[in-house]
Each structure stands twice: as C-alpha cells, then as structure tokens.
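A.B. asks: the following comprises the amino acid sequence and a computationally predicted model.
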Amino acid sequence: DTVAKEMVYFKDNIGPVLKADNAETMQKHLSELKAAAQRSLELVPGSLAKKGKESAEFKDYQQGMQQFIAVIDETSALAAKGELEQAKEKAKALLTIRNDYHKKYK
Ligand code: HEM
C-alpha cells in the first residue's frame, strides 16, 4: 500500500463531505476519510523514502495526518449534533491542512 493510493480515498470523499445535505451522508464520507488517514499514518510518502520513518520530516508528516484526523473527529461531532452548517465550516480546515502538507511532502 502507498500514500498515493490512499489519496484516492481522500479525493473521493472530501467533496461529498463538503456538500453533504444531511448528517448521515456526511458521517459516511467522514468515516471513509478517517480510515484512509489512519492507514496513511504509517505509510512513508515517496518524497521521504530516502529519509525513512525515523526522520523529523516523517514525524512532521505524521503530525499533519493526526491533525487531519482530529479535525475529522470535530467535524463528525458537529454532524452528530445535527449542526450541519457548522460541520461544513469546520471541514474546510481539512483543505488548509491538505494544502500545507502537500506543499511540504507531495
Ligand atoms: C482532502 C484532503 C486531501 C486530498 C483530496 C488529497 C489528494 C491527493 C492527491 C490527489 C494526491 C496525488 C496522488 C497521486 O500521486 O496519484 C496526493 C498526494 C499526496 N498527499 Fe494528499 N490529499 C489530501 C490530504 C493530505 C494530507 C492531510 C497529507 C499529509 C498530512 C497529504 C499528503 C500527501 C502526500 C505526501 C502525497 C504524495 C504521495 C506520494 O507520492 O508518495 N495529503 N494527495
């Protein structure tokens, strides 16, 4: 398995999260996104293959992924309360995290 393969799940699920018109649909896509992020946590991106798992860069990549998972959980908690608009607002932070870490390691 590779980070690039997992990213397909990120790509397929972020849109449906951001435009969900009910909490159940949002939760379904959030949980697929979270599962992919959890698998990605232990995978080394191509750009860090030579640096390896003990490198500061890989630990920083993992920190980004943890931050991403934390925002998924916060989004999910809002959706569970039926606060769909706030949940969508929160989910926009996922794009900011993506942009930051793509700049560094993609
Ligand atoms: C909604 C969020 C995200 C989307 C839609 C997304 C999408 C993508 C896509 C389409 C690729 C190209 C895959 C390919 O080469 O075939 C990619 C690569 C990559 N993404 Fe993401 N991404 C997201 C979040 C993140 C986050 C949070 C991180 C890190 C903390 C990350 C790290 C990377 C890395 C390292 C690559 C290069 C993989 C490699 O070539 O080994 N992405 N992403």
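C.D. replies: Thanks, I have it. All figures in this text were calculated on a predicted structure; none of them were measured in a lab.

A.B. asks: look up the closest residue to residue 25, ignoring the ones flanking it.
C.D. replies: residue 16 (6.7 Å; Cβ to Cβ, 6 or more residues apart in numbering). Where you see a C-beta, it was placed from the backbone N, CA and C, and this is true even at glycine.

A.B. asks: wait, residue 64 sits on residue 103?
C.D. replies: No: using Cβ atoms under 8 Å, residue 64 is not in contact with residue 103; the gap is 10.6 Å.

A.B. asks: what about those two, which has more around it?
C.D. replies: Per other Cβ atoms under 10 Å, whichever of residue 64 and residue 103 has more neighbours is residue 64, with 20 against 8.

A.B. asks: report pLDDT for the residue nearest to residue 25.
C.D. replies: You'll see residue 16 listed with a pLDDT of 98.

A.B. asks: ok, which stretches of the protein are helices?
C.D. replies: Ranges of helices in the chain, per DSSP state H, are 3-18, 23-40, 56-80, 84-105.

A.B. asks: which parts of the third one are buried?
C.D. replies: Within helix 56-80, the residues that count as buried by 16 or more other Cβ atoms under 10 Å are 58, 61-62, 64-65, 67-69, 71-72, 75-76, 78-79.

A.B. asks: show me what contacts residue 40?
C.D. replies: By Cβ atoms under 8 Å, 6 or more residues apart in numbering, the residues touching residue 40 are 3, 6, 7, 65.

A.B. asks: number of residues surrounding the third one?
C.D. replies: Looking back up the chat, that one is residue 7. 16.

A.B. asks: next one: it from the ligand, what distance?
C.D. replies: 4 Å (Cβ to the nearest ligand atom, to the nearest Å).

A.B. asks: let's see the pLDDT reported for that residue.
C.D. replies: At residue 7, pLDDT is 98.

A.B. asks: how about residue 35?
C.D. replies: Reading off the model, residue 35 has pLDDT 98.

A.B. asks: not counting its neighbours along the chain, what's nearest it?
C.D. replies: In space, residue 35 is closest to residue 9, 7.5 Å off (Cβ to Cβ, 6+ apart).
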